[in-house]
Every structure is written in C-alpha cells, then in structure tokens.
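Engineer: Below is the structure, and that's it, no one-letter string:
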Ligand SMILES: Nc1ncnc2c1ncn2[C@@H]1O[C@H](COP(=O)(O)OP(=O)(O)OP(=O)(O)O)[C@@H](O)[C@H]1O
Ligand SMILES: [Mg+2]
C-alpha cells in the first residue's frame, strides 16, 4: 500500500457518486466534492443549510453539531433542493474529522441519493393500500354470496322454488363478479402471449352488446351499434377483444348511471376499418365525462373513482391487452357531456 498525495485524495473524493462536504463549527462549508459542486453550486461563504437549501435556518436536529459535540457518527434521511430546484431524497452521514491533537477540527458529511428507493417505498405503500381495498371489495361480494346461499337454503327448507331461484340468481351474480376480479388479477400478474387467430370483430361486438343490453335498458340506457361492414375479419386474440369491449362498455354504463343531469343516456359501439388495414373500435357514452384531475390518473394501475364499487382493474387489463396486440387505447372526454374511448388494433398479416 502506498500513501496517497493530497491531490490523489481529493480526486478520489471527487469521483465518489455521493455528495461530500466538510463543515466547521459554525456550519460553514469549507469544501465540497465535484458532485456537490455540480448539483448545488459554489459553496463559498455558504452554510450547509444554505447550500442544500433545506431551509432558511439550520436543521432542528443538526447532524454536524451532534458530531462536533459527541465525536460520534450520526445519520438521517433528508430532502435537499438542487440549484435547479429539484428535490432529492438523501441519506446523510456526519462524521468528525480530527486534527493533529485529536481535537475535532471539522465534520464531513456524505449524502447518498435514495430518491429511487423512496419512490419504490411509496409504490409499495400504494400497493398495500390497493390490496387492502381489493380485499374489502371482495369481502363485500362474499357477503352478497353468503346472502344468496342463505336464501337458497331457506327456499330448499320451505320447498319454495321461487325463493330458491331468487337466491340462486344472487349467488350467480356475485360469483360472476368474483371470477372477473380474480381473472383480471391473474391476467395482470404475468406476461402472456396473445392467442392470435382470425376473428370477426363485429360479431364479438354484437355478443358483448347482447350481454349488456338488458342491464343497460334497466338503467334507461340505450345501447346502439354503428358497425362498419368492411370490418369482416382480423387477426386478434378473441378473449382479449371480448375483454376490451366488455371493460369499455361496463365503464360507459357506470358513467351513464352516475350522470344525474341528462334524461336520456346513449352508448354507441362503433367499428371502423382503416386504409392501412387497422381496425378501430370506439365506445362512446353521454355519461358523466372525466374531469381534468381524473384524466391523468385513469390508466394508473388500480385507479378507480368508484370507491368500493370499482377495483381499477378494467383499464389496466384493457391497456395490457392493447399493448400485447401492438395497438393503443386513447380517449377524449368532456366533463358533464360524455366520453369516447378508442381502441386501435394495427393490421396483422395472417
Ligand atoms: N366512460 C367513462 N366515463 C367516465 N369515467 C370513466 C370512464 N371510463 C373510465 N372512467 C374512469 O376511469 C377509472 C378507471 O376505470 P377502470 O375501468 O380501470 O376501473 P373501475 O371501472 O373504477 O373499476 P372496475 O373496472 O374494476 O369495475 C374509473 O373509476 C372512472 O373514474
Ligand atoms: Mg371499469
């Protein structure tokens, strides 16, 4: 091992991927390495809290003062503001630097950027809250299932066919809801290759609208089709296509149900063939529309504005399916007027 020259020591400190600063007792910065210089500017004549723009005054728990007092190493997490105004989360260590007589001459601070770890921590907290919300939603459905089973049992005991049928309807309704949530979660939890085959998109649209027509009518919503007969067949994953249309129509129905301002509600499902062979499917509603704050969030994983009634899986699954097809999903919406979602499937050779 050979002794380092001062020059070499400084170069080593300058090449460290963290901020290194040296402070005196009055918290003035005596020296800072290249990284600190680059992100926080010239430290000359500044205190550490001025350089790092933590606040106008020194921190309530000042690590530098603590190290001067007890000669020990201290650490804490902090948020610093760079010369450009960006906020970064750092883990700061302060350690005393002793002079020739053993006295504490200065304190060196090293700050490591932990912004990505913090971001991950936030995501994990969000995920935890989401799972809790999902579990709550499932619990509600289970209660519905329980209620159905109770009515079936009572009907069986009373030998009352009508009661059995009523209970059985409740069981089926809640079973469907649970299966859909579980399928959606499984769909999102792994990468899968779409099962591409020749499908007739217009037939799938008719199938889905048949499924929803009665429910929609029950809420006073008219479900209408505007199909391009040029859309005869396309290479797609049939289940994926079914799921995309189902999710968009289910959302459109919710938006109409929640809209208390219009007397008549209309949902239109359209298909169009593009000159490039692409197939575009649109679902347009005259429901609530999407306000500006919500617009940025609807494609976020698990985002739902429907509280207990939504899992936020619908558009997550839809977006995943569209990506798997190399396609896109976009929307335009006017708050209070309605929304149109557009799913575009590119042409695919057979
Ligand atoms: N047609 C629409 N009109 C108004 N808002 C919509 C429409 N489609 C989606 N949204 C908004 O986007 C959010 C996310 O939709 P998504 O389908 O992912 O979840 P969800 O419908 O809330 O729950 P789930 O699909 O599990 O029932 C909705 O909660 C709603 O705020
Ligand atoms: Mg939905």
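Structural biologist: Yes, it's here. Because the structure is predicted, anything quoted here is derived from the model rather than measured. Ligands and ions are numbered 1, 2, ... in the order given.
Engineer: do you know how far the closest residue to residue 165 other than its chain neighbours is from ligand 2?
Structural biologist: The shortest distance from residue 165 to any non-neighbouring residue, by Cβ to Cβ, 6 or more residues apart in numbering, is to residue 155 (7.7 Å). To be clear about C-beta, it is placed using only N, CA and C from the backbone, and glycine gets the same treatment. To ligand 2, residue 155 is 33 Å away according to Cβ to the ion, to the nearest Å.
Engineer: Kindly report the same for residue 18.
Structural biologist: As judged by Cβ to the ion, residue 18 and ligand 2 stand 45 Å apart.
Engineer: One more: residue 291?
Structural biologist: Distance from residue 291 to ligand 2, by Cβ to the ion: 17 Å.
Engineer: got it, and residue 347?
Structural biologist: Here residue 347 is placed at a distance of 28 Å from ligand 2 (Cβ to the ion).
Engineer: I'd like to know the phi and psi angles of that residue, please.
Structural biologist: When read as degrees, to the nearest 10, the backbone of residue 347 gives phi -70, psi 140.
Engineer: Surely the residue nearest to residue 165 forms part of a helix?
Structural biologist: Yes - assessed with DSSP: H, G, I helix; E, B strand; the rest coil, residue 155 lies in a helix.
Engineer: How many residues are close by it?
Structural biologist: Neighbourhood size, residue 155 [other Cβ atoms under 10 Å]: 18.
Engineer: can you tell me the distance between the two ends of stretch 54-61?
Structural biologist: 12 Å (Cα to Cα, to the nearest Å).
Engineer: residue ranges for the strands of the chain, please.
Structural biologist: 19-23, 29-32, 74-81, 87-98, 104-113, 197-199, 221-226, 234-236, 265-273, 279-285, 328-334, 338-345 (DSSP state E).
Engineer: okay if I get those strands as a markdown table plus mean pLDDT and distance to residue 256?
Structural biologist: Listed next are those as a markdown table, based on pLDDT from 0 to 100; distance: least, Cβ to Cβ, whole Å:
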| stretch | mean pLDDT | distance to residue 256 |
| --- | --- | --- |
| strand 19-23 | 97 | 55 |
| strand 29-32 | 96 | 61 |
| strand 74-81 | 94 | 45 |
| strand 87-98 | 95 | 42 |
| strand 104-113 | 96 | 48 |
| strand 197-199 | 95 | 28 |
| strand 221-226 | 97 | 5 |
| strand 234-236 | 95 | 27 |
| strand 265-273 | 98 | 4 |
| strand 279-285 | 98 | 6 |
| strand 328-334 | 98 | 13 |
| strand 338-345 | 98 | 9 |
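Engineer: looking at the ones you listed, which is closest to residue 143?
Structural biologist: Among these, the nearest to residue 143 by Cβ to Cβ is strand 221-226 (27.3 Å).
Engineer: show me the contacts for whichever residue of the stretch 1-150 of the chain sits closest to ligand 2.
Structural biologist: Ranked by Cβ to the ion, the top residue of the stretch 1-150 of the chain for proximity to ligand 2 is residue 137, at 12.4 Å. Residue 137 makes contact with 181, 308, 309, 311 under the criterion Cβ atoms under 8 Å, 6 or more residues apart in numbering.
Engineer: Which of those residues has the largest number of neighbours?
Structural biologist: Most surrounded of these: other Cβ under 10 Å gives residue 311, at 22 neighbours.
Engineer: Touching, that residue and residue 301? I think so.
Structural biologist: No - contact criterion Cβ atoms under 8 Å: residue 311 and residue 301 do not qualify, at 10.6 Å.
Engineer: Same list, the contacts of residue 137, but only the ones touching ligand 1.
Structural biologist: Counting by Cβ under 6 Å from any ligand atom, residue 311 from the contacts of residue 137 sit close to ligand 1.
Engineer: could you dump the contacts of residue 137 to CSV with distance to ligand 2 and pLDDT?
Structural biologist: Below are the contacts of residue 137 laid out as CSV (distance: Cβ to the ion, whole Å; pLDDT from 0 to 100):
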residue, distance to ligand 2, pLDDT
181, 11, 86
308, 13, 76
309, 10, 82
311, 8, 86
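Engineer: before we move on, the earlier item: I'd like to know which of the strands of the chain is closest to residue 159.
Structural biologist: The nearest among these, by Cβ to Cβ, is strand 221-226 at 38.7 Å.
Engineer: Make a markdown table out of the strands of the chain and add mean neighbour count and distance to residue 144.
Structural biologist: Shown next, in a markdown table, are these (neighbours: other Cβ atoms under 10 Å; distance: least, Cβ to Cβ, whole Å):
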| stretch | mean neighbour count | distance to residue 144 |
| --- | --- | --- |
| strand 19-23 | 23 | 56 |
| strand 29-32 | 20 | 63 |
| strand 74-81 | 16 | 45 |
| strand 87-98 | 17 | 44 |
| strand 104-113 | 20 | 49 |
| strand 197-199 | 13 | 34 |
| strand 221-226 | 16 | 23 |
| strand 234-236 | 22 | 34 |
| strand 265-273 | 19 | 26 |
| strand 279-285 | 23 | 26 |
| strand 328-334 | 16 | 31 |
| strand 338-345 | 22 | 29 |
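Engineer: any chance of those in TSV, plus distance to ligand 1?
Structural biologist: As requested, the strands of the chain are exported to TSV (distance: least, Cβ to the nearest ligand atom, whole Å):
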stretch	distance to ligand 1
strand 19-23	41
strand 29-32	47
strand 74-81	31
strand 87-98	29
strand 104-113	34
strand 197-199	23
strand 221-226	12
strand 234-236	20
strand 265-273	9
strand 279-285	5
strand 328-334	7
strand 338-345	4
